[in-house]
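S.K.: no sequence for this one, just the structure:
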């Protein structure tokens, strides 16, 4: 590993290796979290803290834009920690010459998404670099939330848990790739970028036995499920026929040579719930905005630990591997 | 204002205008703070939250690097809110092809600076963009701290307050500009990039009547003093003979055509303290690491409100205006 490659930012094993070799080696490794949020305890209060940078290209795409993505992504990361999102920061790196009207459209989209998420954008920073030193606009959002259910974590899957997926997969990645390639086929593939505040908070407040949540962004559900299985030391078993994929998204992924399981989502959640609460949780998710298409897509087994197994449409079983390689650069 | 210009990121009036026109107009303006930190109250606990992006060029310079800058800058912003820094996030935007050894040197510098600041880097993100879409490395750090002295704010200056400056000005900006221009004249100008944790926490814990703190980064002390005067509705009067400037920094600023009052510092603090506590505060600051050269450089008067006056070396009085224009792009 001599130079940083696109694969080091793709959310797969190469990125994990870079984090291990560089950041965990340099920082005090005990403190650093692999989950999307860090849990800080202050005078007995549990606070979630998270950050993400957004470099998506193009900055506007069917169904969303870099601003909606940045707010929804950080809100969803706080939610995965069992936290109620409270405040966000938004820091901008702008390329000299960006039209102010473009920046204003993005800020307005962020404000709308924040309002929908019931959070406030309270602080930020603005840096401008000379033309050619950055591509249009990069946004880094950070967030603080109050943890209302401590212990929800990608490392807390338990054998017997059911896995709920809140809707169809691949929409965001397919929409961005088609927009980037100029292959806009009308409006029938839209990014799913959305904040899942209502859905997750209602689940947590209902007192259901939620063990883990993960939003399957870079690397798709293949990456998210493998991370959870590895962190929890369990096996995740998924039933292919239960995983919703919209037909135009499936067709686009086939045309682009992409495995839809590895394609980014920006408004979906994987939720591990105790089996006795699975039906109630599913009914509740389906009653929420962004959850109407939710399904139970699988379950958690004791072993083989760290593996994700797929029961295919033709009733065979195969492994879902963590996605490797470059995948889709600048997808989020 | 049709396009984003370098001056929109320079920390002066143009940046304030962009923030007003775009961000405050789009976001719920009541929530957004102009101070460097937002104060969040959670179950009676006061939490400070801040963010900054760093795009300095070159990424290594005499006395520091982009990593030390990013950690010290965010730590110092938390301190200005009267907070004890607790945890940081660090999000990286990397240009494809960056040597991993370079990234490792920067991460190691961040870890050392975090240790010196008594904070932990607990979470982060890594994005990689194709070669040419960013310049080497941009870092966004965010921080959370516990406010131990509520009400410390740039808007809390009071007439009669004394202003302490913790050391000489212009060192960071001069060091970066000389390095960028290839004008390295030995090692006699070093960036002052440093976390001021010890100095500020000892002041706060001593129970001294501290009203306001501001780290004079982009736009130098000219920008910081004007912001404080405007936010507080008071006049700040500075005595030129009391403002420490190292001779090589003064010479470099003259050669580069820069006003040293407008040049960025990254390890200095302006501290407004009630007059009866000024001598005790100065003695305490001088006993701390990074505070040995501290001076009382001026005082706060009731009016004219929003103005910064300089008593010059030849005993005349002139206004210090908020710096306008491009100043120094990519200085932090």
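M.R.: Right, received. Where do you want to start? Remember, predicted model here, so these are calculated numbers, not experimental data.

S.K.: make it CA atoms for all contacts and neighbour counts henceforth
M.R.: Noted.

S.K.: now do the strands in chain A.
M.R.: Taking DSSP state E as the criterion, chain A carries its strands at A:38-42, A:45-54, A:60-61, A:64-65, A:83-95, A:120-129, A:137-147, A:162-165, A:210-214, A:235-239, A:270-273, A:295-301, A:308-311, A:317-319.

S.K.: which of the residues in stretch A:12-31 are buried?
M.R.: A:12, A:13, A:14, A:15, A:18, A:19, A:22, A:23, A:24, A:26, A:27, A:28 (16 or more other Cα atoms under 10 Å in any protein chain shown).

S.K.: find me the pLDDT at the closest residue in space to residue A:319 that isn't next to it in sequence, would you?
M.R.: Nearest in space to residue A:319, with sequence neighbours left out and distances taken as Cα to Cα, 6 or more residues apart in numbering or on different chains, is residue A:309 at 4.6 Å. We have a pLDDT of 98 for residue A:309.

S.K.: kindly report the same for residue A:187.
M.R.: Looking at residue A:187, its pLDDT reads 63.

S.K.: residue A:21 now?
M.R.: 91.

S.K.: which secondary structure elements does the lowest-mean-pLDDT helix or strand in chain A sit against?
M.R.: The helix or strand of chain A with the poorest confidence is strand A:38-42; it has a mean of 87 (mean pLDDT, DSSP states H and E). Counting contacts by 3 or more Cα pairs under 8 Å, 6 or more residues apart in numbering or on different chains; DSSP states H and E, strand A:38-42 packs against strand A:45-54.

S.K.: residues near residue A:215, how many?
M.R.: Neighbours of residue A:215 under the rule other Cα atoms under 10 Å in any protein chain shown: 26.

S.K.: nope, residue A:314 is what I was after
M.R.: Neighbour count of residue A:314, defined by other Cα under 10 Å: 8.

S.K.: quick one: contacts for the closest residue to residue A:242 other than its chain neighbours?
M.R.: In space, and not counting its chain neighbours, residue A:242 is closest to residue A:297: 5.1 Å by Cα to Cα, 6+ apart. Taking Cα atoms under 8 Å, 6 or more residues apart in numbering or on different chains, we find residue A:297 in contact with A:162, A:163, A:164, A:165, A:238, A:239, A:240, A:242, A:243.

S.K.: go again using 6 Å as the cut-off
M.R.: Shown in contact with residue A:297 (Cα atoms under 6 Å, 6 or more residues apart in numbering or on different chains): A:163, A:164, A:238, A:239, A:242, A:243.

S.K.: restrict the buried residues of stretch A:12-31 to contacts with chain B.
M.R.: Near chain B, judged by Cα under 6 Å from any Cα of the partner chain, the entries from these are A:22, A:26, A:27.

S.K.: who's in contact with residue A:273?
M.R.: Counting by Cα under 6 Å, 6+ apart, residue A:273 touches A:161, A:162, A:209, A:210, A:211.

S.K.: can you put those in CSV and add distance to residue B:156 and pLDDT?
M.R.: What follows is the contacts of residue A:273, written out as CSV (distance: Cα to Cα, whole Å; pLDDT from 0 to 100):
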residue, distance to residue B:156, pLDDT
A:161, 54, 98
A:162, 54, 98
A:209, 48, 96
A:210, 46, 97
A:211, 46, 97
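
S.K.: quick one: which of those is nearest to chain B?
M.R.: Distance ranking of the contacts of residue A:273 against chain B, using Cα to the nearest Cα, places residue A:211 first at 21.2 Å.

S.K.: settle this for me: the closest one is touching residue A:152, isn't it.
M.R.: Yes: counting by Cα atoms under 6 Å, residue A:152 is a contact partner of residue A:211 at 5.2 Å.

S.K.: quick one: neighbours of residue A:206, just the number.
M.R.: Neighbour count of residue A:206, defined by other Cα under 10 Å: 12.

S.K.: the inter-axis angle of the longest helix seen in chain A versus strand A:120-129?
M.R.: In chain A, taking DSSP state H as the definition, the longest helix is helix A:100-117. In terms of direction (axes from the mean of the first three to the mean of the last three Cα atoms, to 10 degrees), helix A:100-117 departs from strand A:120-129 by 150 degrees.

S.K.: what's the end-to-end length of stretch A:147-154?
M.R.: 15 Å (Cα to Cα, to the nearest Å).

S.K.: buried residues of that stretch, list them for me.
M.R.: Neighbour-count burial for stretch A:147-154 flags A:147, A:148, A:149, A:152, A:153, A:154 (criterion: 16+ other Cα under 10 Å).

S.K.: for the longest helix of chain A, packing partners?
M.R.: Under the contact criterion of 3 or more Cα pairs under 6 Å, 6 or more residues apart in numbering or on different chains; DSSP states H and E, helix A:100-117 touches helix A:66-80.

S.K.: picking that back up, which of the buried residues of stretch A:12-31 sits closest to residue B:72?
M.R.: Closest to residue B:72 out of those is residue A:27 (15.2 Å), distances taken as Cα to Cα.

S.K.: where does the stretch 201-332 of chain A have low pLDDT?
M.R.: Low-confidence segments of the stretch 201-332 of chain A, defined by pLDDT under 70: A:326-327.

S.K.: recalculate using a threshold of 80.
M.R.: Applying pLDDT under 80 to the stretch 201-332 of chain A flags the ranges A:325-327.

S.K.: partner residues bridging residue A:54?
M.R.: residue A:139 (DSSP bridges).

S.K.: returning to that earlier point: report the separation between the residue nearest to residue A:242 and residue B:98.
M.R.: Using Cα to Cα, residue A:297 is found at 40 Å from residue B:98.

S.K.: understood, closing this out.
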